[in-house]
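Colleague: just to be clear, the model below is a prediction. Sequence and coordinates:
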Amino acid sequence: MLVKTYGSAVFGVDALTITIEVSISGGNKYFMVGLPDNAVKESLQRVESAINVAGFRMPRQKIVVNLAPADIRKEGSAYDLPIAVGILAASGQIPSEELENYFIMGELSLDGAIQPIKGALPIAIQAQKEGFKGFILPKQNVREAAIVDGLIAYGVENLAQVIRFFNKKEELEQVKINTKEEFLKNIGNYEHDFADVKGQENIKRALEIAAAGGHNVILIGPPGAGKTMLAKRLPTILPPLNLYEALETTKIHSVAGKLSAADALMTVRPYRSPHHTISDVALVGGGMNPQPGEISLAHNGVLFLDELPEFKRTVLEVMRQPLEDRKVAIARARFSVEYPASFMLVASMNPCPCGFYNHPEKECVCAPGVVQKYLSKISGPLLDRIDLHVEVTPVNFSELASSRETEKSENIRARVIKAREIQEKRFEGKEDLHCNAQMSPKMVRKVCHITEAGTNLLKSAMERLGLSARAYDRILKVARTIADLDESEDVELEHLAESINYRSLDRDGWAG
């Protein structure tokens, strides 16, 4: 007898429908075809044990399982449950009439318990798109799938439950989630706040500008000056995720298996802070079975690279293309996948190996030329993609001990949202252009009008400070963002002057 069940394979952040065909006929061998990997091939032992524990029998006949389309490689253990259900239906132990209405996915334990899977949200979206009635999946993943409207999501704990459901002996409980309510429940609910930061008003201002224009930023300062503390609070002043961004971000974390059972939808912007020993594949994504990297997990949020010069040069260089294109394409011989990677890069570094170059009180003990060598670990092309260079100085005792209240994140965020609204209006109708940091050189010339006095100031600054040519566009972009924060139509002299101050690493002789 031939029976079909339905599941899915995830490629990139999208899913593809997979038909699991099970045929039982005369003979005594088990065949798995359709480009399965080792995890799929090993399903026989798990399926047999789970069926026996549930009180049913594994047929002692020729069993052929085909995963169609047969030219796409199937990976992982999530096909255990649809294979088990297909075998039971093909052997007449459960009815097969209802199988065509459901997507079924889940990994089986030897005792029949169902383990969680990756990519439940994109699979649920595909099931709804294909017109399936429902999706039967592990209980741990059911909240992800339940946010898809028009699809019934059933969370199950073991194979016996699924068998009783198809035998009409038990009704499975449908999990319902109000997507809008879930989205609004935790929006803007952050653990950190800028009110915790004492002093550092100039750094807060720089991060406000970065958030308002979507600019990448690097913080340079001695150990303990508060670089990491400030970076952790940057997501709290970014505009809240809209529903589309929340779904897009949740899909990536679902594919990577990073969502907890309690999460249905990501409602706060992601903040990722990988260690400096990370490999280039772990950062941008890929591997034998391609998975999203840290830059994709930071999509619509912040990627913080602490101690930037300590990262391997090859790791930093692979970020150059994603920073420009805001996506990463991973190509293999048989297929290619694409992951979104639109993130704000925040980097921090000490000014030298000992950490005290330019310190107001402590003396740098590095040998001559060591500071320049240390800074040269960061390549010019990568630095070219960082708009704001901010020097962080230590906070003195009087500011630390002060009981004076500092500005809260919500107040800063209100100004950032207002500036972003101006930019959205400016770039209306232009696809993939939402903030000033994304402007092309042609768009910079069109949008960033400066007066003759401004031109003279910029010329003078570039000559006196020894600013590089690549700094020109960056200064104009940041100046445009400062003008937006001031709700100014034109880029004024003071906006340009403040923007010029944020090009520390471009100055000749900065590192001696």
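Modeller: In hand now; what should we look at?

Colleague: give me the residues contacting the least confident helix or strand in the chain by mean pLDDT.
Modeller: Counting by mean pLDDT, DSSP states H and E, the weakest-scoring helix or strand in the chain turns out to be helix 397-401, with a mean of 71. Identification of contacts with helix 397-401 by Cβ atoms under 8 Å, 6 or more residues apart in numbering yields 198, 199. In short, each C-beta sits where N, CA and C put it, glycine included.

Colleague: show me how far it is from its chain's centre.
Modeller: Taking Cα atoms, centre = their mean, to the nearest Å, the mean C-alpha location of helix 397-401 is offset from the chain mean by 37 Å.

Colleague: again with stretch 147-165
Modeller: Offset of stretch 147-165 from its chain centre (Cα atoms, centre = their mean): 28 Å.

Colleague: and that stretch, C-alpha only, in CSV?
Modeller: C-alpha atoms of stretch 147-165 as CSV (Å, rounded to 0.1, in the frame of the first residue of the first chain):
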residue,chain,number,x,y,z
ILE,A,147,1.3,32.9,15.0
VAL,A,148,0.6,32.0,11.4
ASP,A,149,-3.0,33.0,10.7
GLY,A,150,-5.2,30.5,8.8
LEU,A,151,-3.3,27.4,10.0
ILE,A,152,-4.2,25.1,13.0
ALA,A,153,-1.1,24.3,15.1
TYR,A,154,-1.2,21.2,17.2
GLY,A,155,1.7,20.7,19.7
VAL,A,156,2.3,17.0,20.5
GLU,A,157,4.5,15.3,23.1
ASN,A,158,4.7,11.7,21.8
LEU,A,159,3.9,9.4,18.9
ALA,A,160,1.0,7.8,20.8
GLN,A,161,-0.9,11.1,20.8
VAL,A,162,-0.6,11.5,17.1
ILE,A,163,-1.8,7.9,16.5
ARG,A,164,-4.8,8.5,18.7
PHE,A,165,-5.6,11.7,16.9
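
Colleague: for it, buried residues please.
Modeller: Residues of stretch 147-165 classed as buried: 147-148, 151-156, 158-163, 165 (neighbour count, 16 or more other Cβ atoms under 10 Å).

Colleague: and stretch 330-347, by the same measure?
Modeller: Across stretch 330-347, burial judged by 16+ other Cβ under 10 Å covers 330, 337, 338, 339, 340, 341, 342, 343, 344, 345, 346, 347.

Colleague: returning to that earlier point: could you pull up the mean pLDDT of the next helix or strand after the least confident helix or strand of the chain?
Modeller: Where DSSP states H and E defines the elements, the next helix or strand beyond helix 397-401 is helix 409-426. Per-residue pLDDT over helix 409-426 has a mean of 93.

Colleague: returning to that earlier point: from the buried residues of stretch 330-347, which land in helices?
Modeller: Among the buried residues of stretch 330-347, no member falls in helices (DSSP state H).

Colleague: would you turn these into JSON lines with pLDDT and distance to residue 52?
Modeller: Below are those laid out as JSON lines (pLDDT from 0 to 100; distance: Cβ to Cβ, whole Å):
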{"residue": "330", "pLDDT": "86", "distance to residue 52": "41"}
{"residue": "337", "pLDDT": "86", "distance to residue 52": "38"}
{"residue": "338", "pLDDT": "89", "distance to residue 52": "43"}
{"residue": "339", "pLDDT": "92", "distance to residue 52": "41"}
{"residue": "340", "pLDDT": "92", "distance to residue 52": "44"}
{"residue": "341", "pLDDT": "92", "distance to residue 52": "46"}
{"residue": "342", "pLDDT": "92", "distance to residue 52": "49"}
{"residue": "343", "pLDDT": "94", "distance to residue 52": "48"}
{"residue": "344", "pLDDT": "94", "distance to residue 52": "53"}
{"residue": "345", "pLDDT": "95", "distance to residue 52": "53"}
{"residue": "346", "pLDDT": "96", "distance to residue 52": "54"}
{"residue": "347", "pLDDT": "95", "distance to residue 52": "56"}
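
Colleague: strands - which of the residues you listed land there?
Modeller: Counted as lying in strands by DSSP state E, out of the buried residues of stretch 330-347, are 330, 337, 338, 339, 340, 344, 345, 346, 347.

Colleague: any chance of those in TSV, plus distance to residue 216?
Modeller: Below are those laid out as TSV (distance: Cβ to Cβ, whole Å):
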residue	distance to residue 216
330	23
337	25
338	22
339	19
340	17
344	6
345	4
346	7
347	8
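
Colleague: and the lengthiest strand in the chain, what does it pack against?
Modeller: The strand that spans the most residues within the chain, counting by DSSP E, is strand 14-25. When contacts are defined as 3 or more Cβ pairs under 8 Å, 6 or more residues apart in numbering; DSSP states H and E, strand 14-25 packs onto strand 2-11, strand 62-68, helix 80-90, helix 120-129.

Colleague: now what about that strand, what contacts it?
Modeller: Contact with strand 14-25 is made by 1-10, 59, 61-69, 72, 74, 79, 82-83, 86-87, 89-91, 119, 122-123, 125-126, 130, as judged by Cβ under 8 Å, 6+ apart.

Colleague: can you check stretch 446-456 too?
Modeller: Contacts of stretch 446-456 (Cβ under 8 Å, 6+ apart): 426, 436, 439, 458, 476-477, 479-480, 490-493, 496.

Colleague: among those residues, name the buried ones.
Modeller: Among those, those classed as buried by 16+ other Cβ under 10 Å are 426, 436, 439, 458, 476, 477, 479, 480, 491, 492, 496.

Colleague: in what helix or strand does the fifth one lie?
Modeller: Secondary structure assignment for residue 476, by DSSP H and E: helix 471-485.

Colleague: mind giving me the packing neighbours of that helix?
Modeller: Checking 3+ Cβ pairs under 8 Å, 6+ apart, helix 471-485 ends up next to helix 201-213, helix 409-426, helix 441-447, helix 452-464, helix 493-500.

Colleague: just the CA coordinates for that helix, please, in CSV.
Modeller: What follows is helix 471-485 as a C-alpha-only set of coordinates in CSV (Å, rounded to 0.1, in the frame of the first residue of the first chain):
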residue,chain,number,x,y,z
ALA,A,471,35.7,60.4,5.1
TYR,A,472,34.0,63.0,2.9
ASP,A,473,30.8,61.0,2.2
ARG,A,474,30.7,59.7,5.7
ILE,A,475,30.8,63.2,7.2
LEU,A,476,28.0,64.4,4.9
LYS,A,477,25.8,61.4,5.9
VAL,A,478,26.3,61.9,9.6
ALA,A,479,25.7,65.7,9.2
ARG,A,480,22.4,64.9,7.5
THR,A,481,21.4,62.7,10.4
ILE,A,482,22.3,65.4,12.9
ALA,A,483,20.2,67.9,10.9
ASP,A,484,17.3,65.4,11.0
LEU,A,485,17.6,65.2,14.8
